[in-house]
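Asker: the sequence and its predicted three-dimensional model are supplied below.
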Amino acid sequence: MNISIQNLSKVYNNNFQALHKVSLDIETGMFGLLGPNGAGKSTLMKILVTLLQPSGGKVLVNGVDLSKSRKEVRSILGYLPQDFRFFAKLKTYEFLDYAASLAGIKSRRERRNEIEKMLEKVGLFEVRNRYASKLSGGMKRRLGIAQAIIGEPKLVVVDEPTTGLDPEERIRFRNILADLSQKDVIIILSTHIVGDISSTCNQMALLNQGEIGFHGNPDEFINLSRGKVWKTEVGFDQMQEFNQKYPVISTIPVANGYEVELISPHNSDFKGVQIEPNLEHAYVYFMEYESSKIPQ
Amino acid sequence: MTFTNPIFTVARFEMKTLLRSWFFRIFAALVIIILVFMNLLMSTELGRTGWGARMLAGGLPYLNLWMLNVAQSIIAIFLSSDFLSRDKKLDTTEVIYVRSMSNFQYVFGKSLGILLVFGLLNLVVLFFTFVINLISPDAGFSAITYLAYPFIISIPTLTFVLGLSFLVMQLVRNQAVTFILLLGYIATVLFYLQGNHYGVWDYLGFYTPMAFSSYIGFDNIQQLFIIRGGYFVIGVALMLLTVVKLPRITQSDKGFRLLVFAPVTLIFVFISMFSYHIWHQVSIDRQVSEMNEKEKQLPIKAGYQISHYQIDITHQGNEIKGSIETTIKANVGTTLPEDLKFYLNNGLKVNKVELDGVALNYHQYLNLIEITTDKKPSAGVNLRMEYEGNPNDQLAYFDLGEEERKELNRVDPLIAGNKNVIVRPNYLLLTKESMWYPIVAERNAFRLPQFFTFDLKVTTSENLTVLAQGDKQNPDKGQSKFRSLQPYAKISVVAAPYIQKSVQVDSVEYSIYLKEDNDFIGKYFKNLPDTLPVLIRELKNDYERKLGLTYPYKRLSIVEVPIHFKSLFRSWALTNENSQPEMIFVPESGVGINDLNLARISLTEERNAKKNNEEIIPKEKEARIFLRVVGNTFAQPVSRRGYFSRNNVGRTIDGWSPYSLFPLFYNYSYAVKEEGLPFYNMCLESFMLSRIHSTNPRMGRMSSNDKSILFLRNHTGDIVELTDKENLDISIADIIVTIGNNQFATAQARIGYDAFNDYVDSLLSVNDRIIDSKVFNEVVKGNSSNISDNEVELKLPSFIFGNYDVYEFKDGNRKRFFIGLNLMNDGEEDGIVKVSVYGGGRGGRSGERRGGGGPGGQGGGNRGRGNMTPTYEDIFLVEKDKSNRIGIVLDKPPRMMSVHTYLSKNVPSDIRFPLADFSEAPKGLETFMGIKEVSEEIKLVEDNEIVVDNESEGFSVVNTSGRKTLKEIILSSKDKENEDDDSEYKNLSFFRPASRWTPVLNSLAYGKHVKSMVYKKAGDGSGKAKFSAELKISGRYNVYAMVPSQRLGNFRNQDPEDATYSFSVYHDDGKEVIEVPVDNDRSDWVLLGEYYFSEGEAIVELSDQTTKNVVIADAAKWVKL
C-alpha cells in the first residue's frame, strides 16, 4: 500500500486556501499528520476520504487516481471524523452492523462474528445494546474507531481521535491503532497532540498553514531540534522577559525562581544545560524557528 | 458488492431509525386508533353499521387507504425532509458517506426505507381493514382491491411526496420552510385545486374515481394509469434529481452523467402522459360544446317521430353490433322533410343506411347522424340502419352545464366512475341517454317522452341474463327477444350475470335482479315470502290511490347496476336514467341508498322495538324493514341530501330521488302535446307530484318560487332565449314551473280543489297517453301570465297582510278554534294564496284529501327535512283592490299557519304565522270557513306614521371601517363568494354570519311586499344601519324600531338573555342612545321614546355592537303625536 499526494491544493468558496500544493508519500504503517489547529489537516483528511474535492493536484492510492476511482478507494476505506458525537437512533451493535454491511460483509453470520470481535477489541461488548448516543465520550470514540476498522480496510483515516479523551482512554485508543498497524494497512492519524504520534507513528508530516513543513520519520523530526533544547534556572524578575523571548516548554517553581525548559538555537543570553529533545520539543522548535522559513 | 446490497442496507437502517422515531410512532398510533374506531363505528355492529359503502367490493380498503393517504403524505413530508436535515446535522453521516456506494444507492436506499415503513403502516391498516371486512355485516370483499389499492393510492402519492420534499429540502435547505411549503401545497390541492383540470392536480388520489365494481372493476383505467402512474414517475424523477443534488461526491463521474439523463427522461415521460391526458380531455370538452351548439340549432320539435323500432343487437366483448329498422312518421297533416336527423352515440359507426330498401348517403358527426332522403315528400318511411362499435359516454349530457356533467359520483364519501353506458365482455348497460338506438334529433328529445312500440332481439353471451322492457319471448341460448305490447317512452338493455328473485302479485311480476354471488337482500326477508304479496298490494294500492294513477306495466324490476353508473336529472322533467319503464336501477349493493343498508335498518328496527318494549317476531320485523325500504327509497320522490350536495331548493334537481317510482307511473306514460317548451308537461308533472309529496320552504333559504319572482323582476324577454342562457341563478324550468303552479292553483281556486282534481283524473284516465295542451288552455285561462306566448313580462298581484287572530270558541258542546286572517290584494292582477295550517285536526272540510307525503314506511321518509303535513290546506282567489278575511275553523289547537303567495310581488312567498296564544272568542265573533270580502281597508302604515324600511330610500348602511383583521379579510372573501351568486338577497346564515350588512328575505321581517331585512355579524360599533325619514311637520313624535324576535339569529341559543341593540335617535335636542333589550318572542315595534323633531330629516341609527351573535336592521317608525 502506498499513497502519493501530489501538489494537492484546496481553496474554499470563501477564497480561503486551506491546502497549498501539498505533496506527500505515505507508505504502509501508521502515518501521523501533525499541525496546529487550522493548519488544514481536516481538509487533507476529507480529501483523502472522498468527502471533499481538491481544487488542484491529485492523490494516487496504490497508483490509482483517487478522483477517478472513488469506488475502489471507498471500498478499502475506514474513516473516523473529528466530530463523532451525534448518531441516528441506532444501538452500538447496530451501528457497527450498519458499517460492516456497507463495508461489504454480506453474510449475516460473518458480520456477527466480526462485530463481536470488534466489540471485544474496543471494549464495548458490554454496552452493545445501548443506544450509541448514550455512550460516554470515550466509548463513542472507540465505537468510532471500531466502525472505521471493521471490514479490514486498507486505508484508515482518523482525524484528531484523541482530543478530549482522558489519558487512560487515550492510551487504549493508541493501542488499538498500534495493533492495527501491524497489518498491511495505512493508518493516517491527524492530530495536534504530539504524544499521539511519538508513541505510534513510523512516518509523519507536519502541516502548517496548508503546507508541509516536514515529512519524514519522527526521529528525523526530533533531530531537527537536537542541541536547541535547554534547561535553566530563571529568577522571578527575569521570567517575564524569558517568556517573551523564548518558547518556554515547562516551568517548575524552585527556591529562587523557576526551572524552565526552553528552546533556543543558542545559549548566549543564559546559562543552561542542553537536554535530549523529544517530539514535543521538536514540534515547538519547528513551529517557532523553522516554519517562518517556509516561503509563503 | 452487488448493486442492490447498499440500497437494502441503507433502507434497513433507515427503517430502523424511522420506526424508532417518536414522531412516527405517535402519528402511526393515532392514525391506527382513529381508523380502527371509525371502522368499528361505521362498519360493524358495535357502531350502527351506518356506512353503506362497506358493502361495495373493496369499499373498506378504499376508504381506509383513502383516508390514510392524506395523513401519511403529511407525515411523509416531515420524515423525508427530516432525513436530509438529519444528514446535515449528524457528523456520523460522514462515516456512511465514505462507504463505497453511489449516491443513487444511498438516496434510493433512504427512500426505500421510508417507503417500507409506510408500507408497513399500510399493511397494518389493510390487516385490520381485513378483520373489519370479516366481521362487518354484508361487507363487500374483493381480494384484488387489497392488492390494487396500495398501488394506486399509497405508492404513487408517497413516491411523489417523498421525491418532492427531498428536492424542495435540497433547494431551500430548511426543514421548517420545506414542511410549511409542502403542507401548503397539500392544502391547496385538497381544498382548492381538488379534482379540477381533469384531475391532474390530485396527487393524493382524493378526487380521483377509484371505486371498484364487482361487475366491471375499476372505471377509467386509462385515467388511473396516467394520473397515478404519472405521479409515481414524477416522484421517481424527483428522487433522481435529489440524487443529482445530493451534497456528497459521486462514486463515479461516468455513472453520474448517465444519471442526469434519467430524471430528464422521466420528466419527459410524465409531461407526455399528462399532456396526452389533458389534450384528450380538452378535445372531448370541445366536442361536447360543439355538440351542445349543434343541439341549440335543432328545432324544438322535429316534425316527425319514430313510431316503431325493430332492433337487433349483438353484444360481443367491448362492442355492440346493431341492425335497426324504424318506422318514421311525419306529424299529422305534414310530410317528412328532406333531411332527417337522429341522435346516435358517436362510438357507434354506421355502416349502412337504407330508406325503404334503397341505400342512402348519410353524414355521421358526433352524436348526430344526418340522412338526406331525396325522396318525394311522404308521410312515412321505413329507415334501416346498421352500426357497430363501442358506444362511449364522452358526450353524455352534452346539453348540461360542465359543473353538473363533471360532478363526482360520490359514494359517501368514496368516488365512483361516471358511466352512462357500459359495454364490457360480461356486462352490458344501454339506456336512452346513451343513444344506442337512433332518436329523432330535436330539442325536446330528452325533455319530453316520445312513445313508440318495438321488437328487440339481443344476442350476447349465454351466461348473461338479459333484461329489457316488454314481454320476453322465446328465450334462446344467448338470444333474448322482447316485444312491446304497449307504447314505451324508452328502451334500456341490461345484460349481466344476475340472479332473479320475483313474486307475482295480481297482474304484476315484481323482481329484484342481483349479482349472482352477492344476494345482500334475501337474508333479511327469509320469513317474509308468504306475506310479501299482501304488503306489496297494500303499498301499491295506497300509492295508486294517492296519485290517482294505476301502475301501467306488467313488470316492476329493481335491477342492481355497477356503482360507476351515474345519471343526471334535467330540470325539464324529474326523471333520470335510474328509472326506466318497468325498471329501477339501483347502485351495486344498494350503496348510496340509505335504506338499502339493511344491516343497519334491521338493527334500528330491533332497537326501536326494544325501546318501545315491543316483542316483535322476525316476520314482523322483516315486514317493517320492507315497508321502510319501499317507502323511503322508491315511494318518495325526494331523497335525503348528502353532505356533499349543493344547496338548491325547489325544483332544481339534486333533491329528487333517482329511484322514485313516480316516473314509471306518470312520466313514462303520459305527455302533453305542446308546440314549444314542455310547459304544461312540467306543470302537470309538478301537480301530479304534489299528490304524493308536499314541498315545504326551508328556513334561511330562498325557494325556487322566490328566486323566480326576483328573477322575473329583473329579466324580461323571450323565454326560449333565456332557456339557453348560461349561469342564470335559477333554471328557466323553475320559472316555468312557478308560473305553471300559479296557473294550476288559480284554476283550482276558481273551479274548486276537488273539481280540478277530478278534471285532471279524467284527462289521465282517457286511453290516450298524449294529452292535447288545448284542453288545458280551456281550464287554465283568463290569466295574463300566460306562458304560451313565450314572453315573461308579467302583471302580478301583491298582498298586504293585516291582523290575524286565533280564537277558542264553543260550538254547541264542542270546543273549537277559529283562525281569521285579513289580507288585501293591492296588485295589478287577481291573485291566489294557499293557506296551510299545521297542528289542529281538520274542522270544516270533511273527508280524505289527497296530498302530503307518500306512503312512508315505518319511520317515515322525510326525517331530517322538517317536512310536515298540513292538517288544513286550501287555495283562495283574492281579487285585486279588495280587502278580504279568510276564516278557518278547526277542531284542535293549531300550531302554525303558513301562507303561500304564488307568483306575486310578495317575497318570500311563504309567510309563517305562529299561532301560540288563543284568546277567548269575543261575543258576536263570526266564525266561517272560506274567504269573504270585508269593508275596512287594510293599512300597513297609518296616516300619521312614517315608516322607513330597509328597502326604503332612506335606509343606508356603514360597514366596518378600513382596518381589517385577517379574520375579516377571510370573511369578506366569503362575502365575495356570496356576492358571486348574483341574486339580490343572500341566504341567511347564523352559523357563519356575513361580516358586512347583507340583505336577506325573511317572512318574519317587516315589509309591505318584500319582507326583507339586513343583517351582519355583531361588530365593535363602527358598522351602522341608518334609517332616515323626511318629516313634513315639526312636532313631537313617538319613535319606534322594529326589533326582531330574540330567536332570530340566536344560533343554538348561545346569545345572552340580557342582550340589547343600541339605537341612536337624532332629534332636535341632540342624540339619545337607547339600549333596547332583545327579548321578545316575535318581531315587533319597540318604542324608543318621544322626541321633538323639526321638519326635515330625522335619523335613527342602529349600531352593530351587541352581545348577540348578529345584528338585524329591519325598519324604524315615526308616529306624529
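Answerer: Received the coordinates, thanks. Numbers count the residues shown, from 1 in each chain, chains lettered A, B, ... in the order given.
Asker: now B:I875. Its backbone dihedrals?
Answerer: Its backbone dihedrals place B:I875 at phi -110, psi 130, with angles given as degrees, to the nearest 10.
Asker: and stretch B:409-429, how far out from the chain middle?
Answerer: Its chain's C-alpha centre lies 18 Å from the corresponding centre of stretch B:409-429 when counted by C-alpha atoms, centre = their mean, to the nearest Å.
Asker: tell me the buried residues in that stretch?
Answerer: Of the residues in stretch B:409-429, those scored as buried under the neighbour-count criterion (16 or more other C-beta atoms under 10 Å in any protein chain shown) are B:409-412, B:414-424, B:427-429. Heads up, the C-betas are built off the backbone N, CA and C, glycines and all.
Asker: just stretch B:257-268 next, same as before
Answerer: Within stretch B:257-268, the residues that count as buried by 16+ other C-beta under 10 Å are B:259, B:262-263, B:266-267.
Asker: tell me which residues are up against it.
Answerer: Outside stretch B:257-268, the residues that touch it by C-beta atoms under 8 Å, 6 or more residues apart in numbering or on different chains are B:103-104, B:233-234, B:236-238, B:240-241, B:243-244.
Asker: any idea which of the buried residues of stretch B:257-268 is least confident?
Answerer: Least confident of the buried residues of stretch B:257-268 in the model: B:L259, at 82.
Asker: so it lies in a helix, does it not?
Answerer: Yes. Residue assignment for B:L259, taken from DSSP: H, G, I helix; E, B strand; the rest coil, places it within a helix.
Asker: contacts only, for the residue lying farthest from the centre of chain A.
Answerer: What lies farthest from the middle of chain A is A:N256; by C-alpha atoms, centre = their mean that is 39.7 Å. With contacts defined as C-beta under 8 Å, 6+ apart, A:N256 is in contact with A:233, A:235-236.
Asker: counting neighbours, which of the residues you listed end up buried?
Answerer: A residue is treated as buried here by neighbour count (16+ other C-beta under 10 Å); on that basis the buried members of the contacts of A:N256 are A:E233.
Asker: my read: B:F104 touches B:T242, true?
Answerer: No. Shown here, B:F104 and B:T242 do not form a contact pair, counting by C-beta atoms under 8 Å, at 9.9 Å.
Asker: who's more crowded, those two?
Answerer: The residue with more neighbours, out of B:F104 and B:T242 and counting by other C-beta atoms under 10 Å in any protein chain shown, is B:T242; that gives 28 against 24.
Asker: surely the more buried one meets B:V168?
Answerer: No. The pair B:T242 and B:V168 does not pass the contact test of C-beta under 8 Å, sitting 9.8 Å apart.
Asker: what about the spatially closest residue to B:L182 that is not a sequence neighbour, neighbour count?
Answerer: Counting by C-beta to C-beta, 6 or more residues apart in numbering or on different chains, the nearest residue to B:L182 once its immediate chain neighbours are dropped is B:I77, at 4.5 Å. Burial of B:I77 is recorded as 25 neighbouring residues (other C-beta under 10 Å).
Asker: was I right about B:I77 contacting B:L183?
Answerer: Yes. Counting by C-beta under 8 Å, B:I77 touches B:L183, with 6.9 Å between them.
Asker: okay, domains of chain A per the record?
Answerer: With domains defined by automatic domain parsing, chain A comprises A:2-215, A:223-293.
Asker: what's the closest of these to B:G478?
Answerer: B:G478 sits nearest to domain A:2-215 of all those, at 61.1 Å, using C-beta to C-beta.
Asker: straight-line length of the closest one, end to end?
Answerer: Start to finish, the residues bounding domain A:2-215 are 15 Å apart (C-alpha to C-alpha, to the nearest Å).
Asker: now do that domain: distance to the chain's middle.
Answerer: A distance of 9 Å separates the C-alpha centroid of domain A:2-215 from that of its chain, computed with C-alpha atoms, centre = their mean.
Asker: does any part of that domain sit near chain B?
Answerer: Yes. With C-beta under 8 Å from any C-beta of the partner chain as the measure, domain A:2-215 is seen reaching chain B through A:49-53, A:68, A:70-72, A:74-75, A:77, A:79-90, A:94-95, A:98-99, A:101-104, A:106, A:132, A:144, A:147-148.
Asker: distance of B:K406 from B:Y397?
Answerer: As defined by C-beta to C-beta, to the nearest Å, B:K406 lies at a distance of 10 Å from B:Y397.
Asker: between those two, which has more neighbouring residues?
Answerer: Neighbours around B:K406 and B:Y397, counted as other C-beta under 10 Å, are more numerous at B:Y397. The numbers are 23 against 16.
Asker: pLDDT score assigned to that one?
Answerer: Residue-level confidence at B:Y397 comes out at 90, pLDDT.
Asker: what's the burial count for the one residue in the stretch 151-296 of chain A that gets nearest to chain B?
Answerer: Closest approach between the stretch 151-296 of chain A and chain B, counting by C-beta to the nearest C-beta: A:V157, at 8.3 Å. Using other C-beta under 10 Å, A:V157 has 25 other residues around it.
Asker: so it touches A:I47, yeah?
Answerer: No. Shown here, A:V157 and A:I47 do not form a contact pair, counting by C-beta under 8 Å, at 10.1 Å.
Asker: strands of chain A, residue ranges please.
Answerer: Remark: strands of chain A, listed N- to C-terminal, are A:2-11, A:17-27, A:29-34, A:56-61, A:64-65, A:77-80, A:155-159, A:186-191, A:203-208, A:211-216, A:229-235, A:248-254, A:257-263, A:273-274; assignment by DSSP state E.
Asker: for those strands, give me a markdown table that also has mean pLDDT and distance to B:D1058.
Answerer: As requested, the strands of chain A are arranged in a markdown table below (pLDDT from 0 to 100; distance: least, C-beta to C-beta, whole Å):
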| stretch | mean pLDDT | distance to B:D1058 |
| --- | --- | --- |
| strand A:2-11 | 92 | 79 |
| strand A:17-27 | 90 | 78 |
| strand A:29-34 | 90 | 85 |
| strand A:56-61 | 91 | 85 |
| strand A:64-65 | 89 | 89 |
| strand A:77-80 | 91 | 76 |
| strand A:155-159 | 90 | 77 |
| strand A:186-191 | 89 | 81 |
| strand A:203-208 | 89 | 85 |
| strand A:211-216 | 88 | 88 |
| strand A:229-235 | 87 | 94 |
| strand A:248-254 | 86 | 88 |
| strand A:257-263 | 87 | 91 |
| strand A:273-274 | 86 | 103 |
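Asker: residues making contact with the helix or strand hosting B:S690?
Answerer: For B:S690, the enclosing helix or strand under DSSP states H and E is helix B:679-692. Contact partners of helix B:679-692, identified using C-beta under 8 Å, 6+ apart, comprise B:447-448, B:543, B:546-549, B:572-574, B:635, B:637, B:651, B:662, B:666-667, B:670-672, B:674, B:733, B:736-737, B:740-741, B:743-744, B:760, B:771, B:773, B:776, B:787-788, B:850-851, B:853-854.
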